[in-house]
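J.: Make a model of this:
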Amino acid sequence: MKKKYREKALNEMFSELQNKDFDVRENVMFQLGLMLERSNQGEQLSVADDIYEENLTREMLRMRLDDNEQNQIIDKLSQVVVTQKDSRPTALWAFAKVKPQLGVIPLLALIQATGHQLNTEAAYQACDALKRWLESDDVEDALVSEQLKLQDPTKIIERWFKSSDDRLSRSADAVLDILEK
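T.: So this is what the prediction gives:
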């Protein structure tokens, strides 16, 4: 797909992220997540093609998002996390589909900025993404170490560890184990 058509399609999706209608926002974030997943993990995905074909347009199915486009998506989803309390879990779920090397530093910033405000599901999505990315070979260890010093999420994640939600508590515990290494 030509770049100008990709830009147009993404800009239309970005404008829908600002929609006051919760369902419209949620649907476009779900679609962005699926597009990111196909772009970054396409060869590793199992035979779950139906979910993509049922939820993405033909144009969306043909798009492979480059790093610049993924950075734009990171920015837009970050804005949703900061401004749309009810859409935070889905925004963080979609955010987790970007390339680890692109997403880990902005995610640390989001955890710093909004970590104390996240509900259980949003905190779980942030924690799950951080865990996977910190374990990933795709992320430069020196860069992450430096950013962890600048944007240390430990106190927030310790709070999540004390959650009564078992899933969040286990995920936070796994991240704390990684951070202690």
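
J.: all contacts plus neighbour counts: C-alpha atoms, from now on.
T.: Noted.

J.: Now do the helices in this structure.
T.: Using DSSP state H, the helices of the chain run over 3-16, 22-41, 49-55, 58-62, 67-83, 88-95, 100-114, 120-135, 141-150, 154-161, 166-180.

J.: Mean neighbour count added to these, as CSV?
T.: As requested, these are arranged in CSV below (neighbours: other Cα atoms under 10 Å):
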stretch, mean neighbour count
helix 3-16, 14
helix 22-41, 20
helix 49-55, 12
helix 58-62, 14
helix 67-83, 18
helix 88-95, 26
helix 100-114, 19
helix 120-135, 22
helix 141-150, 13
helix 154-161, 18
helix 166-180, 18
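
J.: Turn these into JSON lines, including mean pLDDT.
T.: Below are the helices of the chain laid out as JSON lines (pLDDT from 0 to 100):
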{"stretch": "helix 3-16", "mean pLDDT": "91"}
{"stretch": "helix 22-41", "mean pLDDT": "94"}
{"stretch": "helix 49-55", "mean pLDDT": "84"}
{"stretch": "helix 58-62", "mean pLDDT": "86"}
{"stretch": "helix 67-83", "mean pLDDT": "97"}
{"stretch": "helix 88-95", "mean pLDDT": "98"}
{"stretch": "helix 100-114", "mean pLDDT": "95"}
{"stretch": "helix 120-135", "mean pLDDT": "96"}
{"stretch": "helix 141-150", "mean pLDDT": "85"}
{"stretch": "helix 154-161", "mean pLDDT": "97"}
{"stretch": "helix 166-180", "mean pLDDT": "95"}
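
J.: Check the gap between the spatially most central residue of the chain and Asp166 for me.
T.: Nearest to the mean C-alpha position of the chain, by Cα atoms, centre = their mean, lies Phe95 at 1.4 Å. Here the criterion is Cα to Cα, to the nearest Å. By it, Phe95 lies 23 Å from Asp166.

J.: Over to Asp138?
T.: For Asp138, the distance to Asp166 - Cα to Cα - is 29 Å.

J.: Then Lys20?
T.: Distance from Lys20 to Asp166, by Cα to Cα: 32 Å.

J.: got it, and Leu10?
T.: Leu10 is 37 Å from Asp166, by Cα to Cα.

J.: And for Lys2?
T.: 46 Å.

J.: what's the answer for Leu108, then?
T.: 22 Å.

J.: Equivalent analysis for Ser145, please.
T.: 28 Å.

J.: for Glu59, same thing?
T.: 40 Å.

J.: go on, Arg64?
T.: Relative to Asp166, and taking Cα to Cα, Arg64 is found at 36 Å.

J.: again, but for Arg6
T.: 41 Å.
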